[in-house]
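In: predicted coordinates and the sequence they were generated for:
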Amino acid sequence: MTPEALLANWNAAWRALGVAPADEALCIELQRRYSEPQRHYHTLQHLGECLAWFEREQALAEHPGEVAIALWFHDAIYDVHAHDNEARSSEWARTAMLAAGVQPDAAERVHALVMATRHDAVPEGRDAELLVDIDLSILGAEQERFDEYEQQVHAEYAFVPDAVRLPRRRAILQRFLARDAIYTTPRIHALLEARARINLARSIAAMA
């Protein structure tokens, strides 16, 4: 997405929440965060891909503005040495929403949506299912983009020795492949499930 498209998406998300768009400085700060040097996958490229998916599929959302804001914040904090990135990102989202005058119940739902991107449980509710499917859409990308994604993830954790990093990465991909369904929203499942399974199996085999 271009900077203009990102700003338009940002403003539309806040309007969907029933409030005036948050300070443009916050939008710029989030884009700066997604451009940090330690990031190779969790970047503006990933954010733009997620937002583009959402713009196509937003009719599936129960609370579209909340899903959009959750996507903006879901990787806002990304420290490759930390284990609480989602918790810190979700707290930032909740604080920003309350400061902008969003109702507390909506802020709490967005907090929960961001936490769902830990991918440690089956998402519950239409919005969480959509958000998680969008976040995982990269697994069902065309082969060239998926391979680029895998290289980007390995680059983010290049400080971890191969003997440790590769088995851990393989185990993560195997957990996704072992699911009865990777995607839960019918349309995204139809579009991406088969290709995601091919991508995952190929990547797992390459790391064996």
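Out: In hand now; what should we look at?
In: residue nearest the centroid of this structure?
Out: Geometric centre of the chain, nearest residue: Asp135, 3.6 Å, by C-alpha atoms, centre = their mean.
In: which residue, other than its chain neighbours, is closest to it?
Out: Leaving aside its sequence neighbours, Asp135 sits nearest to Thr117 (C-beta to C-beta, 6 or more residues apart in numbering; 5.2 Å). C-beta: built from backbone N, CA, C; applies to glycine.
In: other residues contacting the helix or strand containing Arg94?
Out: Assigned by DSSP states H and E, Arg94 belongs to helix 85-99. Contacts of helix 85-99 from elsewhere in the structure, counted by C-beta atoms under 8 Å, 6 or more residues apart in numbering, are 17, 22, 26, 69-70, 72-79, 82, 104, 106-108, 110-115, 117-118.
In: buried only: go through those for me.
Out: With neighbours counted by 16 or more other C-beta atoms under 10 Å, these contain buried members at 17, 22, 26, 69-70, 72-78, 106-107, 110-115, 117.
In: quick one, longest helix in the chain?
Out: If you go by DSSP state H, the chain has its longest helix at helix 186-207.
In: that helix - what's its average pLDDT?
Out: When pLDDT is averaged over helix 186-207, the result is 97.
In: show me the chain divided up by domain.
Out: Domain assignment for the chain by automatic domain parsing gives 3-135, 143-207.
In: single out the most deeply packed of these.
Out: domain 3-135 (a mean of 18; mean count of other C-beta atoms under 10 Å).
In: OK, contacts around Trp72?
Out: By C-beta under 8 Å, 6+ apart, Trp72 lies in contact with Trp10, Ala13, Leu30, Leu47, Leu51, Ala93.
In: actually Leu136, not the one I typed
Out: By C-beta under 8 Å, 6+ apart, the contact set of Leu136 is His119, Phe176, Ile182, Tyr183, Ala196.
In: and the gap between the closest residue to Ala13 other than its chain neighbours and Gln103?
Out: Counting by C-beta to C-beta, 6+ apart, Ala13 lies nearest to Ala68, which is 3.6 Å off, once chain neighbours are set aside. Using C-beta to C-beta, to the nearest Å, Ala68 is found at 16 Å from Gln103.
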